[in-house]
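A.B. asks: model this:
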Amino acid sequence: MYENKSQWATAYLREKFFGRIRITSQCEVVNAIIKSYVRKKGCIFEFMHNFEQALRSYRNNELVVDFKSKFTKPVMTTHLSLIESHAVKIYTAEIFKEVKDEITKAESLIVKGKFVRNGFKT
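C.D. replies: Okay, here's the model as predicted:
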C-alpha cells in the first residue's frame, strides 16, 4: 500500500481547500506530515494507527488556526487605520500578516503633492 501512495493521495485530497498552496505543493506538504508518522517497513495496522494520528494532529492544527483567526483581533499599528481594519475583516490572520506588510510599506510613502483633475483628486 505504501508503494501505491501516489495513487491514493491525489484521490484523498480532491475537492479539499488548501489556500494558496499549489497542487504539487499540497501533496508534498501532506506527504511530509504523513512521513513523520509512518514507517516504510511497518505493518498495515501500524500504518492505519499512525495515519489516523497524523490526521488528528493535522485537523487539530487547522481548528486552532481557524479559532485564532476568528476570535482574535490583531493590534492596529499603522496610520492607515481604515485600510488596516478593513483588511482584518476580510482576510484570515495568516494572510493579514502579509497584507499588513504591504500596508506598512504603503504607509511609508511620502505624498509630495496632489492636484485636482475633472473634480477628482489624484
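A.B. asks: check contacts around Glu46.
C.D. replies: Arg39 (Cβ atoms under 8 Å, 6 or more residues apart in numbering). For the C-beta atoms, the positions are set from N, CA and C on the backbone; glycine is no exception.
A.B. asks: again with the one 4 residues further on
C.D. replies: For Asn50, the contacting residues are 37-39, 42, by Cβ under 8 Å, 6+ apart.
A.B. asks: switch the residues you listed over to a markdown table; also include pLDDT and neighbour count.
C.D. replies: As requested, the contacts of Asn50 are exported to a markdown table (pLDDT from 0 to 100; neighbours: other Cβ atoms under 10 Å):
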| residue | pLDDT | neighbour count |
| --- | --- | --- |
| Tyr37 | 73 | 18 |
| Val38 | 74 | 19 |
| Arg39 | 75 | 11 |
| Gly42 | 76 | 14 |
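A.B. asks: closest one to Phe71 out of those residues, please.
C.D. replies: Relative to Phe71, the closest of the contacts of Asn50 is Tyr37; by Cβ to Cβ it sits at 29.4 Å.
A.B. asks: contacting residues for the closest one?
C.D. replies: 50-51, 53-54, 57.
A.B. asks: that one in helix, strand or coil?
C.D. replies: coil (DSSP: H, G, I helix; E, B strand; the rest coil).
A.B. asks: ok, so of the contacts of Tyr37, who is nearest Ala87?
C.D. replies: Using Cβ to Cβ, these come closest to Ala87 at Ser57, 30.4 Å.
A.B. asks: any chance of the contacts of Asn50 in JSON lines, plus distance to Glu84?
C.D. replies: Shown next, in JSON lines, are these (distance: Cβ to Cβ, whole Å):
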{"residue": "Tyr37", "distance to Glu84": "40"}
{"residue": "Val38", "distance to Glu84": "43"}
{"residue": "Arg39", "distance to Glu84": "47"}
{"residue": "Gly42", "distance to Glu84": "49"}
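A.B. asks: re earlier: report the buried members of the contacts of Tyr37.
C.D. replies: 50, 54 (16 or more other Cβ atoms under 10 Å).
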